[in-house]
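In: pasting the sequence and the predicted coordinates here, then a few questions.
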Amino acid sequence: MSSRFPPERRREVLDAARRLVAEHGFEGTTVEAVAAATRTSKATLYRQWGDKASLVVEAVSIGSGIAIGRIDTGTLAGDLGAVADMLAERASVNVPIVLGIARAGQRDPALLAALSARLLPEIEALRAIVVRAVDRGELPAEPPAARYLQHMLTGAVLAPALLEGAGAAVDARHLHGYLDAVVLPALGSGQRVRDRSGPVAD
């Protein structure tokens, strides 16, 4: 990858790619269209990203507003509640894009590989939330359900659009309720997100 590509131009290209994917989906977005939108040559884009999959996944992930590694509230419920808030805030934009990429990824191994590589840091950040809870004594040990945490949250965010139609957007209240009813009990925690006040009183 060339180091001579200016950061501001890189941001311009990524913004354009994300905008085109939001409008046309992954399959309807071409490197040619991104090049035209940013007055950049296709050769330059391929030199920087290698293929369309890598360009689109970087554009989508950077523009997603999701940065779980920045979260550390001091409690398990607080951390997961903050994750839910972060996911809900951008769900109306991110969910259609993610669903489109997931569908395209079934036919494009390069896209799935690029997506998996981009998701790994966020998955590790989710695991770190549970590890911190164990270190603080909120959980006696890392529970078996922790390995499925990313699956549970992904399902909660995507399910409304899949089951109720494309216009159904998840919100923070829905995700907080899901954390209280499903995720925190599965992790063995007596905390609740709704007040983030620690163990539930008997």
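Out: Structure's in. What do you need? Numbers count the residues shown, from 1 in each chain.
In: how near is the one residue sitting closest to the centre of the chain to residue 24?
Out: Taking C-alpha atoms, centre = their mean, the centroid of the chain lies closest to residue 66, which sits 5.5 Å from it. Distance of residue 66 to residue 24, computed by C-beta to C-beta, to the nearest Å: 22 Å. All C-beta spots, glycine's among them, are computed from the backbone N, C-alpha and C.
In: ditto for residue 74
Out: 43 Å.
In: and what of residue 192?
Out: To residue 24, residue 192 is 42 Å away according to C-beta to C-beta.
In: neighbour-wise, which of the two wins?
Out: Legend: neighbour count by other C-beta atoms under 10 Å for residue 192 and residue 24, higher for residue 192 (18 against 13).
In: which residue comes closest to that one once chain neighbours are left out?
Out: In space, and not counting its chain neighbours, residue 192 is closest to residue 180: 5.0 Å by C-beta to C-beta, 6 or more residues apart in numbering.
In: which helix or strand contains the nearest residue to residue 191 once chain neighbours are set aside?
Out: In space, and not counting its chain neighbours, residue 191 is closest to residue 77: 3.8 Å by C-beta to C-beta, 6+ apart. Using DSSP states H and E, the element containing residue 77 is helix 76-89.
In: which is the next helix or strand following that helix?
Out: Moving toward the C-terminus from helix 76-89, the next helix or strand (DSSP H and E) is helix 91-105.
In: which strands and helices lie in contact with the helix or strand following that following helix?
Out: Sequence order places helix 109-136 as the next helix or strand after helix 91-105, per DSSP H and E. On a contact count with 3 or more C-beta pairs under 8 Å, 6 or more residues apart in numbering; DSSP states H and E, helix 109-136 meets helix 52-62, helix 76-89, helix 91-105, helix 149-164.
In: and the angle from helix 109-136 to helix 52-62?
Out: Comparing the axes of helix 109-136 and helix 52-62 via axes from the mean of the first three to the mean of the last three C-alpha atoms, to 10 degrees yields an angle of 30 degrees.
In: so which bits of helix 109-136 are buried?
Out: Within helix 109-136, the residues scored as buried using 16 or more other C-beta atoms under 10 Å are 111-112, 114-115, 118, 122, 125-126, 129-130, 132-133.
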